[in-house]
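Enquirer: structure for the following, please:
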Amino acid sequence: MNSRKPSGSRRQRSCSDDNKEITAMYWYDHDVNGWGYALMTIGMLGFWTVVITGVVLMVRQFGRIDGSLTASRTPE
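Expert: Numbers count the residues shown, from 1 in each chain. Model prediction:
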């Protein structure tokens, strides 16, 4: 009368269920080639150049006492 399976029963699986092959499209492994290293190096150099330049410009801008562009007085 009860069509439900007992809670302790397990489904029988055939060996063919575990051996399915999955094809991954556009999967190029985990290796980084020479172009990858070159682009990574150029990108990091560019990033740190922008960061250091930004910090230097901010220190120069906010480090001024009177905010003028010239440090010396003009003769009158």
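Enquirer: where along this protein do the helices fall?
Expert: 15-18, 34-62 (DSSP state H).
Enquirer: highest average neighbour count across the ones you listed?
Expert: Scoring the helices of the chain by mean neighbour count under mean count of other CB atoms under 10 Å gives helix 34-62 as the most buried, with a mean of 10. Every residue, glycine included, has its C-beta placed from N, CA and C.
Enquirer: tell me what that helix is packed against?
Expert: Judged by 3 or more CB pairs under 8 Å, 6 or more residues apart in numbering; DSSP states H and E, helix 34-62 is in contact with no other helix or strand.
Enquirer: just the mean pLDDT for it, thanks.
Expert: Per-residue pLDDT over helix 34-62 has a mean of 95.
Enquirer: just so I know, which of the helices of the chain lies nearest P75?
Expert: Among the helices of the chain, helix 34-62 comes nearest to P75, with 25.9 Å by CB to CB.
Enquirer: reformat the helices of the chain as TSV; add distance to P75.
Expert: Formatted as TSV, those follow (distance: least, CB to CB, whole Å):
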stretch	distance to P75
helix 15-18	91
helix 34-62	26
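Enquirer: what does stretch 39-59 rub up against?
Expert: The contact list for stretch 39-59 (CB atoms under 8 Å, 6 or more residues apart in numbering) reads V32.
Enquirer: quick thing: my sequence starts at 9, can you match it?
Expert: Taking 9 as the first residue, the last one we looked at is stretch 47-67.
Enquirer: tabulate the CA atom coordinates of it in CSV.
Expert: Taking Å, rounded to 0.1, in the frame of the first residue of the first chain, the C-alpha atoms of stretch 47-67 are listed here in CSV:
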residue,chain,number,x,y,z
LEU,A,47,51.1,41.0,-19.5
MET,A,48,51.0,40.4,-15.8
THR,A,49,54.4,42.2,-15.3
ILE,A,50,53.4,45.1,-17.5
GLY,A,51,50.1,45.4,-15.7
MET,A,52,51.7,45.4,-12.3
LEU,A,53,54.3,47.9,-13.3
GLY,A,54,51.6,50.2,-14.7
PHE,A,55,49.5,49.8,-11.5
TRP,A,56,52.3,50.6,-9.2
THR,A,57,53.4,53.6,-11.4
VAL,A,58,49.9,55.1,-11.1
VAL,A,59,49.7,54.5,-7.4
ILE,A,60,53.2,56.0,-6.6
THR,A,61,52.6,58.9,-9.0
GLY,A,62,49.2,59.6,-7.3
VAL,A,63,50.7,59.6,-3.8
VAL,A,64,53.6,61.9,-4.9
LEU,A,65,51.2,64.3,-6.5
MET,A,66,48.9,64.3,-3.5
VAL,A,67,51.8,64.9,-1.1
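Enquirer: I'm done for today, thanks for sticking with me.
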